[in-house]
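Student: model the structure of this input:
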Amino acid sequence: MRKLLWSLLFLWANTAFSQVKIGDNINTIDATSLLELESSNKVFVVTRATTAQMNAIVPLNGALIYNTDEHCLFQYRNNVWASLCIDISGGQTITAIIDNLDGTFTYTNETGTNIQISKADLLDNGDGSYTFSNGSVTPITLDTKAETNLYDNVASSLGANNVQDAIDELDDAILASDAAIALKEDAANKSTDGTLAGNSDVDFPTEQAVKTYVDGQITATADDDITGVSFDGTDLSVDEGATSFSADLSALEESADITANTTLITTNATNITSNDTDIATNATAITTERTRALAAEAVIQADVDTNEADADTAIALKEDAANKSTDVTLADATGTRFPTELAVKTYVDGQIAATADDDITG
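Tutor: Numbering: from 1, shown residues only. Okay, the predicted model is just below:
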């Protein structure tokens, strides 16, 4: 009991000074040490865990753990578990890559130099193009817009020169094909039922089915045609092939009206026949009159043409009134103008007066 008390007192005293030494020479500790372990036959064993268990632990940076899967000591450095084991004989060195979570990595090489590496980035520009950058070269624009990418139409029947036009051309062809297909009957609706018993507005019968149905109906309803009908005002007679039957209609309440109407119909038929004859006669007369009128019109037109020619000739022989001249000097030398009677008389009288002389008397 006394030893336990002394031990607790010792530990309390060491803790008070914030320095602890375990093992040999416990009274000797370096002034800068917080904790010292000293032993010539015992070791310090750190926490042991598998890789999965280790990765589940997020300690302070500087923590140590022994990975039982890797058989190696790992240190938690820069928020990442890093192996402290290297194969010096195999030429291994210690390097590290740390994700800075800001689009960059920090690479620590063998000499402890940190190198920042930018992640490659592909940005969607929202217009069919993308911008690629990796922090070390000028960003590259990748244009995936269909209308700006060439289309090789040599191997196809399309006339398009770019991808968008090729797509549009194919869309048009598909729409046209769909429209053509929409106009076709579904072969599943074809019916070979010769009875047409389905009464369907969707199914359509084959030619043979229609023929079978029609032939069957005609055979079922075969009968002689009516070959003659007569009515003498009293009896109505009907002839149907080799069969005849008649009915006495005199007992009917309207029999007198029927007889009167029959007479009237006969009279109208006679009148119609007469009218047809009159119409034919009138048509002949109209044709004759038309022929005469056309001939008269030709004669009249010939007279008009003759008179027009004569008038043109007569007009050509007339002097243009615009050429009539009242100039008493008759000075016009064109040979076109013609003087009035007064102009001629005045000119002649003037000339005679100007040349007046005594007559020879002997």
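Student: middle-most residue in the protein, spatially?
Tutor: In the chain, the C-alpha closest to the average C-alpha coordinate belongs to residue 172, at a distance of 6.4 Å (C-alpha atoms, centre = their mean).
Student: surely it is within a strand?
Tutor: No - secondary structure of residue 172, determined by DSSP: H, G, I helix; E, B strand; the rest coil: helix, with no strand assignment.
Student: which residues does it contact?
Tutor: Neighbouring residues of residue 172 by C-beta atoms under 8 Å, 6 or more residues apart in numbering: there are none. All C-beta atoms are positioned from the backbone trio N, CA, C, and that covers glycine.
Student: need the longest helix for this structure.
Tutor: Among all segments of the chain classified by DSSP state H, the helix with the greatest residue count is helix 255-317.
Student: who does whichever helix or strand comes after it pair up with?
Tutor: Downstream of helix 255-317, the next assigned helix or strand under DSSP states H and E is strand 324-325. For strand 324-325, the pairing partners within the sheet under DSSP bridges are strand 338-339 (parallel).
Student: contacts for the partner strand, please.
Tutor: 319, 323, 324, 325, 326, 327, 330, 347.
Student: one more time with 10 Å
Tutor: Where contact means C-beta atoms under 10 Å, 6 or more residues apart in numbering, the residues beyond strand 338-339 that reach it are 319-321, 323-330, 332, 344-347.
Student: look at residue 26 and tell me its secondary structure.
Tutor: Classification of residue 26 using three-state DSSP returns coil.
Student: how about residue 141?
Tutor: strand.
Student: wait, isn't it in contact with residue 132?
Tutor: Yes - using C-beta atoms under 10 Å, residue 141 is in contact with residue 132, at 7.9 Å.
Student: so for the two, which sits in the more crowded spot?
Tutor: Each of residue 141 and residue 132 had its neighbours counted (other C-beta atoms under 10 Å), and the higher figure belongs to residue 132 (13 against 10).
Student: which ones are touching that one?
Tutor: 120, 121, 122, 123, 139, 140, 141, 142 are the contacts of residue 132 under C-beta under 10 Å, 6+ apart.
Student: lowest-scoring secondary structure element of this protein by mean pLDDT?
Tutor: When the helices and strands of the chain are compared on mean pLDDT, DSSP states H and E, helix 2-16 comes out lowest with a mean of 52.
Student: overlap in contacts of residue 141 and residue 132?
Tutor: Applying C-beta under 10 Å, 6+ apart, one finds that residue 141 and residue 132 are jointly contacted by residue 123.
Student: quick revisit: pLDDT of the longest helix of the chain, averaged?
Tutor: Model confidence over helix 255-317 averages 78 on the pLDDT scale.
Student: swap in stretch 191-203?
Tutor: Mean pLDDT, stretch 191-203: 80.
Student: partners of the helix or strand where residue 130 lies in the sheet?
Tutor: Taking DSSP H and E as the criterion, residue 130 maps to strand 129-133. Sheet pairing for strand 129-133, assigned by DSSP bridges, gives strand 121-124 (antiparallel), strand 140-143 (antiparallel).
Student: tabulate those in CSV, adding columns for mean pLDDT.
Tutor: Formatted as CSV, the entries for the strands paired with strand 129-133 read as follows, by pLDDT from 0 to 100:
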stretch, mean pLDDT
strand 121-124, 76
strand 140-143, 74
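Student: would you reformat the ones you listed as a markdown table and include distance to residue 163?
Tutor: Conversion of the strands paired with strand 129-133 to a markdown table gives the following (distance: least, C-beta to C-beta, whole Å):
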| stretch | distance to residue 163 |
| --- | --- |
| strand 121-124 | 19 |
| strand 140-143 | 11 |
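Student: number of nearby residues for the nearest residue to residue 96 once chain neighbours are set aside?
Tutor: Leaving aside its sequence neighbours, residue 96 sits nearest to residue 108 (C-beta to C-beta, 6 or more residues apart in numbering; 4.4 Å). Summarising burial for residue 108: neighbours were counted as other C-beta under 10 Å, giving 17.
Student: where does residue 108 land on pLDDT?
Tutor: Checking the pLDDT column for residue 108, the value is 84.
Student: ok, now which ones touch it?
Tutor: Taking C-beta under 10 Å, 6+ apart as the criterion, residue 108 is in contact with 77, 78, 82, 94, 95, 96, 97, 98, 114, 115.
Student: just the residues you listed: which are in strands?
Tutor: Residues of the contacts of residue 108 located in strands (DSSP state E): 77, 82, 96, 97, 98, 114, 115.
Student: of those residues, closest to residue 21?
Tutor: Sorting the ones in strands among the contacts of residue 108 by how near they are to residue 21, with C-beta to C-beta, puts residue 77 at the top with 27.0 Å.
Student: does the closest one have beta-bridge partners, and which?
Tutor: On DSSP bridges, the residues paired with residue 77 through beta bridges are residue 80.
Student: what about it, distance to residue 52?
Tutor: In this structure, residue 77 and residue 52 are separated by 20 Å, where distance is defined by C-beta to C-beta, to the nearest Å.
Student: who has more neighbours, these two?
Tutor: Summary of the neighbour comparison: residue 77 and residue 52, criterion other C-beta under 10 Å, with residue 77 having more neighbours (15 against 8).
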